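Chemist: sequence-free structure coming up:
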């Protein structure tokens, strides 16, 4: 005889009062209280992606900006409350690198004794977890279709372009092998979570776009969308959908704290985060429409105002630097101009999501959050180009997210598919293959197993051999591309930092760079070199094989891999 378990309950769909109803459970599941767990497609494929991406990330030497972030950890490890400049023997007060994320890394390094490079490597695991869970949560707010998060993950990592797009904050496979340990990766994961929570609250306080009664086509679409919201991930189970999160203002205050944290961790990602919040609130929040009552509209303003005020308060109270002072800082604009080069080659595959975005606009009007977000992102990127503030181009990676996620939601629709969706699915499959074979595949396919010569990640040399001779805090004069970007991550300082930092006046940094160029010039005299070394307390030289070692320097070690020479001076 089949067993029953009458204590198992579900919530009735559409019951505004949240009435609980009994459900009869038959078979073996009754022995477990009516609860049987099966992994969702995203849990299966997300876990597989986590393992593959982690192996790829661990196999590639850290490069590029990793030395800067490792240097930040080293300075915080030496002095958590008053760290020095990340790259120079100078005060570090006011440096935006000392974010809550970095301070947590520094505290972890002090507790474990690990170095900056090891901590940056390990935090890549945490960042990947936050990214994957945030992706899944955000897509589940957009649709209950179980395969949508899987398709979103594939589109987010493959549908970029056929040319390499490598930058901090880019979420393609190739870029993630190098930047998973960066603060930007963590900030983007938190941004996905913030958008998901914002969307859930905006939708939970009213009907979504196209769901207002008495609007003809919108009414029909609203019923369909409402049904999507109410269906749970398990078959045959219907859940009540109501206001999410903590009661009252507490949930909005907590959400504001999350946005404030994103602003402190990575300010340029916070720009995209705020645009996303505006898109979800404007698209799904019903309370401030014309037909809304004055009290309802006022309550909406108070709730979201509390969120915004908390974000500003959290960001303004951070003691290490003034994040709002960065708004007028244009010292890094010059280095971001490259972001606007070869946009077609790097991003054209993402345009496969445009038809899906157009379908959302056609069904749900311009109030669809993904449509709004894409439009707002494009406006900010265009402003960065026109105004010369090229730093705003840093949100280009997140500008692709509405395209990629809209495509994923469209392709996760149940079959049978119409002709348009079939064509779109075929194009997306071809695009994903093209992206993998041209720009992304080398990130996860080892060289030994690569039969067609996929483009591989960059392999930077290690400077651990230099750290065995140069003490932490000692000053090094160096040339070349790799050494100045990597060496501070082991603890030594540079005579001239290569990256701008508000903690150091840009004119002073330029003077230091000029001193280093003068020291390394073949026409410099011994007296001139000695003056430069004394001025910046330099004790070491790290030179590429193309530079002549000065007569007063004593060679201590050299690298067989790069041919660089380490010499002692002073």
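Modeler: Now that the structure is in, tell me what you want to look at. All of these numbers come straight from a predicted model, not from anything done at the bench. Residues are numbered from 1 along each chain as shown.

Chemist: Low-confidence stretches in the stretch 1-150 of the chain?
Modeler: Where the stretch 1-150 of the chain drops to pLDDT under 70, the residues are 1-35.

Chemist: err, the chain, not the other one
Modeler: Applying pLDDT under 70 to the chain picks out residues 1-35, 205-247, 287-295, 570.

Chemist: let's see it at 80
Modeler: By pLDDT under 80, the weakly predicted segments of the chain are 1-35, 204-248, 286-297, 328, 365, 570.

Chemist: all strands for it, in order.
Modeler: Taking DSSP state E, the strands of the chain run over residues 9-11, 20-22, 475-478, 493-494, 538-543, 554-558, 565-568.

Chemist: Of all the ones you listed, which one is nearest residue 195?
Modeler: Residue 195 lies closest, by CB to CB, to one member of these: strand 9-11, at 25.2 Å. For every residue, glycine as well, the C-beta is placed using N, CA and C.

Chemist: ok, back up a step: mind putting the strands of the chain into a markdown table with distance to residue 71 and mean neighbour count?
Modeler: Formatted as a markdown table, these follow (distance: least, CB to CB, whole Å; neighbours: other CB atoms under 10 Å):
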| stretch | distance to residue 71 | mean neighbour count |
| --- | --- | --- |
| strand 9-11 | 52 | 15 |
| strand 20-22 | 56 | 11 |
| strand 475-478 | 12 | 24 |
| strand 493-494 | 9 | 26 |
| strand 538-543 | 15 | 23 |
| strand 554-558 | 21 | 14 |
| strand 565-568 | 18 | 19 |
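
Chemist: Dump the ones you listed to JSON lines, plus distance to residue 517.
Modeler: Below are the strands of the chain laid out as JSON lines (distance: least, CB to CB, whole Å):
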{"stretch": "strand 9-11", "distance to residue 517": "70"}
{"stretch": "strand 20-22", "distance to residue 517": "75"}
{"stretch": "strand 475-478", "distance to residue 517": "10"}
{"stretch": "strand 493-494", "distance to residue 517": "13"}
{"stretch": "strand 538-543", "distance to residue 517": "13"}
{"stretch": "strand 554-558", "distance to residue 517": "22"}
{"stretch": "strand 565-568", "distance to residue 517": "18"}
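
Chemist: Now do the longest helix anywhere in the chain: which elements does it pack against?
Modeler: With secondary structure taken from DSSP state H, the chain has its longest helix at helix 116-142. Helices and strands touching helix 116-142, as assessed by 3 or more CB pairs under 8 Å, 6 or more residues apart in numbering; DSSP states H and E, comprise helix 41-59, helix 66-78, helix 100-112, helix 148-158, helix 183-204, helix 401-411.

Chemist: Is it possible to get CSV of these that adds mean neighbour count and distance to residue 377?
Modeler: Shown next, in CSV, are those (neighbours: other CB atoms under 10 Å; distance: least, CB to CB, whole Å):
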stretch, mean neighbour count, distance to residue 377
helix 41-59, 16, 25
helix 66-78, 26, 26
helix 100-112, 18, 23
helix 148-158, 24, 15
helix 183-204, 25, 12
helix 401-411, 26, 7
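
Chemist: so which of those comes closest to residue 277?
Modeler: Among these, helix 183-204 sits nearest to residue 277 (CB to CB), with 5.1 Å.

Chemist: The strands of the chain: which one's closest to residue 374?
Modeler: Go through those one by one with CB to CB and the one that ends up closest to residue 374 is strand 9-11, at 34.2 Å.

Chemist: which residues touch the closest residue to residue 569 other than its chain neighbours?
Modeler: Closest residue to residue 569 apart from its sequence neighbours, by CB to CB, 6 or more residues apart in numbering: residue 553 at 4.9 Å. Counting by CB atoms under 8 Å, 6 or more residues apart in numbering, residue 553 makes contact with 541, 567, 568, 569.

Chemist: need the contact list for the nearest residue to the third one once chain neighbours are set aside.
Modeler: So the one you mean is residue 568. Of all residues not flanking residue 568 in the chain, residue 554 sits nearest, at 4.8 Å (CB to CB, 6+ apart). Going by CB under 8 Å, 6+ apart, residue 554 touches 567, 568, 569.

Chemist: coming back round to it: any chance of the contacts of residue 553 in a markdown table, with distance to residue 95 too?
Modeler: Output for those, formatted as a markdown table (distance: CB to CB, whole Å):
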| residue | distance to residue 95 |
| --- | --- |
| 541 | 26 |
| 567 | 30 |
| 568 | 29 |
| 569 | 28 |
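
Chemist: What is the most widely separated pair among those?
Modeler: Every pair of the contacts of residue 553 checked by CB to CB; the farthest is 541 and 568, at 7.8 Å.

Chemist: and the closest residue in space to residue 427 that isn't next to it in sequence, how far is that from residue 534?
Modeler: Excluding the flanking residues, the one nearest residue 427 by CB to CB, 6+ apart is residue 352, at 5.5 Å. Per CB to CB, to the nearest Å, residue 352 is found 60 Å from residue 534.

Chemist: Looking at these two, which is more packed in?
Modeler: Set residue 352 next to residue 534 and count neighbours by other CB atoms under 10 Å: residue 352 wins out with 19 against 10.

Chemist: For residue 396, which residues are in contact?
Modeler: Taking CB under 8 Å, 6+ apart, one finds 167, 170, 339, 343, 347, 381 in contact with residue 396.

Chemist: go again using 7 Å as the cut-off
Modeler: For residue 396, the contact set (CB atoms under 7 Å, 6 or more residues apart in numbering) comprises 339, 381.

Chemist: Could you report the distance from it to residue 370?
Modeler: For residue 396, the distance to residue 370 - CB to CB - is 17 Å.

Chemist: ditto for residue 179
Modeler: Plainly put, residue 179 is 24 Å away from residue 370 if you go by CB to CB.

Chemist: same check, this time on residue 299
Modeler: Plainly put, residue 299 is 26 Å away from residue 370 if you go by CB to CB.
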